[in-house]
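J.: Coordinates only, no sequence provided:
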């Protein structure tokens, strides 16, 4: 099998690349290194089954040419900066919706028909049903990020119906683990490195969050692709656990051996469009035999350890 | 009140324009006349409260400038050619999704915060629940058209949440009536004018469809905008009636006084991505006191009469 991974120098993409190579597959990574890191591909670059193509998805010709001979596309490239959506409202539309279309067109030009897509639990907006199943009541979008990912899902589904593609859509909770370059864990590590005595927290600290460890996320994705046989396969990926931001602060500070005074911005949201609680019903993925191996606490600790072993990440901006 | 109507030279847009002018409002129509017709604005052009701006939505500067002093935007401009989606897959994305974003940005630049949007029952895909309510189980998209309109809905909802807009989203069944320039009624009228003795019908003729008369559609939209007060208001627009394509063929041929031999392409779909049955639950709009005044048969007959009184329409291509 020959996989192409867009965003393959990113957090989930590079972890997937290493996993696929370890399983003996051929992997082409397509990435523009705007948010991806060359360091994440160190191992991959030593593997003879690995090809790196540096390019923008907007470069439709280069993308089409990189897609030659590929059997399966993981489309992970995205603007994952959920918080800043309102400051540059075209970014999600361009990078998450329009670029998904470009990937689908490059696939169609090369008769590549299978795609895995990283969507998000944000597509459920302020979910009425919690934990939220895949067939929850038709949600109303609350963020440009969620809306742009849902639009990507819709394009993929329409290509499955109209051009006989097979699609695997994964609605993630937040994923943690090695190489996670943004989000609250690295934010807190950065702040605590600058000043271990104080920590300022957005919201009131009681925001509930459900996180999944990246290794468990990869297991889930590969389980679905092996076992789910529909034209279009939509799966929530998450754990049955959740935590409060305050729990996570406790695990992080303990691991770092610091005891900062905590202060809070207040309110129940970290930012406009932030959902106070994304907690997904994972019965569907569990029915395929998958279950997570790490707890949220273990995932947070592994993330902290990776960041501390790779301090260059702290200087990259979140 | 000063309304701007994108697609105001089109079927629903021009009917809405005439209605708003008759209620004493100011109306600016923004249309590029690619599918709109100047003939539809004959009455409007005589009204001192009317302004016509000829332009593409892609011309962001012109659109922004046309939006000055406007209180409310009806965004009706769209690629409504559902059938041909697979032959030019970027068209729905460009014209329905991306242009909705451009309209929202032009509004934001002018501090215009209220928008009415023509979405579609196609967003429900192959609905699991029929009649389909607004909060049906999260659907899977089956057409590029439906996917592009759902993406437009998502953008509007995100602007409501993020920029304090107020949105009115209408999920239409097919609308019929004066000025309807495409769809099965005009197709059949055209074919029967060429040859009144034979009629070839896509599918098996048993495809069920629910249609709403354009006058009832306008009443529904104006009722919602008057009475619904949420930040984001999503309403199905349809009737409790449905018919088969064969019923409609009977009404059309009777009105035209012809008795063609009927032949059928077969199958239960007219085209790939065509939904065999879009039938919407309209309890929500009915709870506001609205109900349709015309039956489907009456709507079909009015459409036929309009076409026969405006034969130039038959030469426009569908």
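T.: Thanks, I have the structure now. These numbers were taken from a predicted model, which means no experiment stands behind them.
J.: Helix or strand next in line after the helix or strand bottoming out on mean pLDDT in chain A, which one?
T.: Between all helices and strands in chain A, the lowest mean by mean pLDDT, DSSP states H and E belongs to strand A:208-209, at a mean of 87. Proceeding N to C from strand A:208-209, the next assigned helix or strand is strand A:211-213, under DSSP states H and E.
J.: Does stretch A:80-93 reach chain B?
T.: Yes - using CB under 8 Å from any CB of the partner chain, a contact is recorded between stretch A:80-93 and chain B, made by A:85-86, A:89-90, A:93. Every C-beta, even on glycine, is put in place using the N, C-alpha and C of the backbone.
J.: contacting residues for the spatially closest residue to residue A:36 that is not a sequence neighbour?
T.: For residue A:36, the nearest residue in space outside its immediate sequence neighbours is residue A:9; the separation is 2.8 Å by CB to CB, 6 or more residues apart in numbering or on different chains. Contacts of residue A:9 were listed using CB atoms under 8 Å, 6 or more residues apart in numbering or on different chains, and they are A:29, A:31, A:33, A:36-38, A:40-41.
J.: From those residues, which land in strands?
T.: Cross-referencing the contacts of residue A:9 against strands under DSSP state E gives A:29, A:31.
J.: Mind putting the contacts of residue A:9 into TSV with pLDDT and neighbour count?
T.: Output for the contacts of residue A:9, formatted as TSV (pLDDT from 0 to 100; neighbours: other CB atoms under 10 Å in any protein chain shown):
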residue	pLDDT	neighbour count
A:29	98	29
A:31	98	28
A:33	97	13
A:36	95	22
A:37	96	19
A:38	96	13
A:40	97	23
A:41	98	22
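J.: which one of the contacts of residue A:9 sits closest to chain B?
T.: residue A:31 (23.5 Å; CB to the nearest CB).
J.: What separation is there between the closest one and residue A:5?
T.: 8 Å (CB to CB, to the nearest Å).
J.: I'd like to know which elements the least confident helix or strand of chain A is packed against.
T.: Secondary structure elements in contact with strand A:208-209, counted by 3 or more CB pairs under 8 Å, 6 or more residues apart in numbering or on different chains; DSSP states H and E, are strand A:243-244.
J.: Give the partner strands of the strand it packs on in its sheet and their orientations.
T.: Each strand that pairs with strand A:243-244, with its direction, by DSSP bridges: strand A:208-209 (antiparallel).
J.: Residues contacting the strand it pairs with, please?
T.: Residues from elsewhere that reach strand A:208-209, judged by CB under 8 Å, 6+ apart: A:173-174, A:242-245, A:248, A:276-279.
J.: low-confidence ranges in the stretch 1-150 of chain A?
T.: Within the stretch 1-150 of chain A, the set of residues satisfying pLDDT under 70 comprises A:83-85.
J.: run the last query once more with 90
T.: A:80-88 (pLDDT under 90).
J.: what about the residue of it found nearest chain B, distance to residue A:157?
T.: Chain B sits closest to residue A:147 of the stretch 1-150 of chain A, with a gap of 3.2 Å, by CB to the nearest CB. Taking CB to CB as the criterion, residue A:147 is separated from residue A:157 by 16 Å.
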